[in-house]
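Enquirer: below is the structure, and that's it, no one-letter string:
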């Protein structure tokens, strides 16, 4: 997901409407969020079933706080939300 966000920066203003300063801190923040929520969902097991992952919470936190906190227009927010919906969903386990 982070790689896609950064890749689109190369094509601004087509990828994003402007060059946002997404970077390593966003990646670290995102990984921390995902780790904490997955640890909670796993309830001390070593793995977690896809249906137990709090997908909506992860998409919301990443889309509104971690990455979305930098976005200041509806077009880019919709693009970010579309990527989150694609990558943070139980169907990614079906591949």
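Expert: That came in fine, so what should we check first? The model shown is predicted, which means the values in this text are computed figures rather than measured ones.

Enquirer: tally of neighbours for residue 38?
Expert: For residue 38, the count of nearby residues is 15 (other Cβ atoms under 10 Å). Bear in mind the C-beta positions are built from the backbone N, C-alpha and C, glycine included.

Enquirer: next SSE downstream of whatever helix or strand it lives in?
Expert: Assessed by DSSP states H and E, residue 38 sits inside helix 24-42. Per DSSP H and E, helix 24-42 leads on to helix 55-61 as the next helix or strand towards the C-terminus.

Enquirer: if we can go back for a sec, contact partners of the helix holding residue 38?
Expert: Contacts with helix 24-42, where a contact means Cβ atoms under 8 Å, 6 or more residues apart in numbering, come from 1-2, 5, 48, 52-54, 57-58, 61-62, 65-67, 70.

Enquirer: could you identify the most distant pair in those?
Expert: Between any two of the contacts of helix 24-42, the greatest separation by Cβ to Cβ is 30.1 Å, found for 52 and 70.

Enquirer: contact partners for the closest residue in space to residue 15 that isn't next to it in sequence?
Expert: Nearest-residue entry for residue 15: residue 8, 3.2 Å, with adjacent residues in sequence omitted and distances by Cβ to Cβ, 6 or more residues apart in numbering. Applying Cβ under 8 Å, 6+ apart to residue 8 gives the contacts 15, 16, 79.

Enquirer: by neighbour count, which of these wins?
Expert: Counting by other Cβ under 10 Å, top hit in the contacts of residue 8: residue 16 with 21 neighbours.

Enquirer: which strand or helix spans it?
Expert: Residue 16 belongs to no helix or strand when assigned by DSSP H and E.

Enquirer: per-residue confidence at it?
Expert: On pLDDT, residue 16 comes in at 94.

Enquirer: show me what contacts it?
Expert: Per Cβ under 8 Å, 6+ apart, neighbours of residue 16: 8, 9, 76, 79.

Enquirer: at 7 Å what do you get?
Expert: Shown in contact with residue 16 (Cβ atoms under 7 Å, 6 or more residues apart in numbering): 8, 9, 76.

Enquirer: can you tell me which of the contacts of helix 24-42 are classed as buried?
Expert: 1, 2, 5, 48, 53, 58, 61, 62, 66, 67 (16 or more other Cβ atoms under 10 Å).
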